[in-house]
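[1] build the 3D model from these lines:
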Amino acid sequence: MGIFEPFRAIGYIISTVLLSVQRLGTETFVTVSVDKAWQIYNCAKLNLVLVGPQLPKKIRALASYRDYTFAAYGNDIAVFKRAH
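    Next up, the predicted model:
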């Protein structure tokens, strides 16, 4: 078994939009696009932490900064604040 073998399945569910990697405190998170929504995973165990809402159009770009997630869709950019 290879070192990254348990984590290969994530590539089957995300879209072609580049993912966003972010470090908050001692934890690292990755935000991925899944068609018209986004999902945040904890990188330590690759468990799902948060799912964003369905947007009107397909996501074209993602970015993360602190507790904010930015998603570009169509000609708009949506900003979401993570609630703890």
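[2] isn't A61 right next to D76, touching?
    No: in this structure A61 lies outside contact range of D76 using C-beta atoms under 8 Å: 11.4 Å. All C-beta spots, glycine's among them, are computed from the backbone N, C-alpha and C.
[3] all strands for the chain, in order.
    For the chain, applying DSSP state E gives strands covering 20-24, 27-34, 37-42, 47-51, 59-65, 68-73, 76-81.
[4] show me what the most centrally placed residue in the chain bridges to in the sheet.
    The chain has T31 as the residue nearest its centroid, 1.7 Å off, counting by C-alpha atoms, centre = their mean. Using DSSP bridges, the bridge partners assigned to T31 are S20, I40.
[5] how far away is it from P56?
    The gap separating T31 from P56 is 19 Å, by C-beta to C-beta, to the nearest Å.
[6] for the closest residue in space to S15 that isn't next to it in sequence, give me its contacts.
    Leaving aside its sequence neighbours, S15 sits nearest to S33 (C-beta to C-beta, 6 or more residues apart in numbering; 4.7 Å). Contacts for S33 (C-beta atoms under 8 Å, 6 or more residues apart in numbering) come out as I14, S15, V17, L19, I59, L62, A71.
[7] how about the strands of the chain in a markdown table, adding mean pLDDT?
    What follows is the strands of the chain, written out as a markdown table (pLDDT from 0 to 100):
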| stretch | mean pLDDT |
| --- | --- |
| strand 20-24 | 89 |
| strand 27-34 | 91 |
| strand 37-42 | 91 |
| strand 47-51 | 89 |
| strand 59-65 | 93 |
| strand 68-73 | 95 |
| strand 76-81 | 96 |
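[8] ok, Q22 - how many residues close by?
    18 (other C-beta atoms under 10 Å).
[9] ignore what I typed, I meant A78.
    15.
[10] quick one: residues contacting it.
    L55, F70, A71, A72.
[11] show me the two of these that sit farthest apart.
    L55 and F70 (11.9 Å; C-beta to C-beta).
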